[in-house]
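Peer 1: coords below, sequence missing:
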Ligand SMILES: Cc1cc2nc3c(=O)[nH]c(=O)nc-3n(C[C@H](O)[C@H](O)[C@H](O)COP(=O)(O)OP(=O)(O)OC[C@H]3O[C@@H](n4cnc5c(N)ncnc54)[C@H](O)[C@@H]3O)c2cc1C
C-alpha cells in the first residue's frame, strides 16, 4: 500500500537550502508512489503560541487556564481550533513524519516548536498509559532533517558545541519517541552556507539516495519503558 508522508517544514525562503532539501524529498517520495503532504509553516502563518484561542467554546476551568488539560478536553469534545484539527488529521494519516528545519539555538525554530506544542497534545499524541515504546504513534516513523550553521567538528563530543546527539535528545526522545514514533536517524546538513556549490549539490544528491530506502531503515534505540523505576 502507498505510504503517506507528512513533511513539517519551517523556512521563510523558497530559495533556501532547506527548501531545496524539502523539494528533493517531495520529488523522490512521490516518485516512489508515496502520498506527500507538506505543512509549510511560515507560508501558512502557523500560530506558534499555545493560547486559549486554540479552543472553541467553553473552558473547563475559566478561573485558572491550564493549557494541557483544556486541550485534552477540547480534543475529546472536538472543539479544538481548525488549524490544529487539520494538522492532527495529517499526522493521523502519515506513516512517516519528516521535520525539515534550520537549527535554531540547538533546536527547532519557534514556529515548529509551536506546531509541536499545539498539535501533539495529550489524548491525541500521548497519555499516561501510552508513551515511549507503548506510545500512540508506535506504528509511525518520524525523523529530523535539518541544516546547521556550525560545522560537524564543532558538534562533536570534543567540539565547542558538544555532541549533536545530546542537543537532539529533547526532540528525538522527549518529543518523538515519547509519542511512540519510531525515530529514524537524523539527516544533518552541516553548514550548507559555508560550502561550495558542488558540495551542496552532492549533499542533495546523497539525500535523494537515502530517501530511496528510508522506509526500511532501522530506527534508533531508546531505553524501553520496562526500564523505568
Ligand atoms: C535564530 C537563529 C538561531 C540559530 N541557531 C543555530 C544553532 O544553534 N546552531 C547552529 O549550528 N546554527 C544556528 N543558526 C544558523 C542556521 O542553522 C543556519 O543559518 C541554517 O541552518 C542554514 O540553512 P538555510 O537553509 O537557511 O541556508 P541558506 O542560507 O538558505 O542556504 C545556504 C546556501 O545554499 C544555497 N542553495 C539553495 N538552494 C540550493 C540548491 N538547490 N543547490 C545548491 N545550493 C543551494 C543558497 O543559495 C545558499 O548559498 C541559527 C540561525 C538563526 C537565524
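Peer 2: Sure thing, it's come through. The structure presented is a predicted model; accordingly, all values stated were derived computationally and were not measured.

Peer 1: which residues does the spatially most central residue of the chain bridge with?
Peer 2: Centroid check for the chain by Cα atoms, centre = their mean gives residue 99 as the closest residue, at 3.6 Å. Beta-bridge pairing for residue 99 (DSSP bridges): residue 8, residue 144.

Peer 1: Would you mind listing what in the chain touches the ligand?
Peer 2: Residues of the chain that fall close to the ligand, judged by Cβ under 6 Å from any ligand atom: 11, 15-18, 20, 102-106, 147-150, 192-193, 197, 200-201, 204. Every residue, glycine included, has its C-beta placed from N, CA and C.

Peer 1: Inside helices: which ones of those residues?
Peer 2: If you go by DSSP state H, those have 17, 18, 20, 197, 200, 201, 204 in helices.

Peer 1: Among the residues you listed, name the buried ones.
Peer 2: 17, 18, 20, 200, 204 (16 or more other Cβ atoms under 10 Å).

Peer 1: Show me the shaky parts of the protein.
Peer 2: 1, 228-229 (pLDDT under 70).

Peer 1: do that again at 90, thanks
Peer 2: Across the chain, the ranges flagged by pLDDT under 90 are 1-2, 57, 223-229.

Peer 1: now the helices for it?
Peer 2: Using DSSP H, the helices of the chain run over 17-31, 67-77, 82-93, 110-119, 164-169, 197-212.

Peer 1: any idea which of those is most buried?
Peer 2: helix 110-119 (a mean of 20; mean count of other Cβ atoms under 10 Å).

Peer 1: That'll do, ta.
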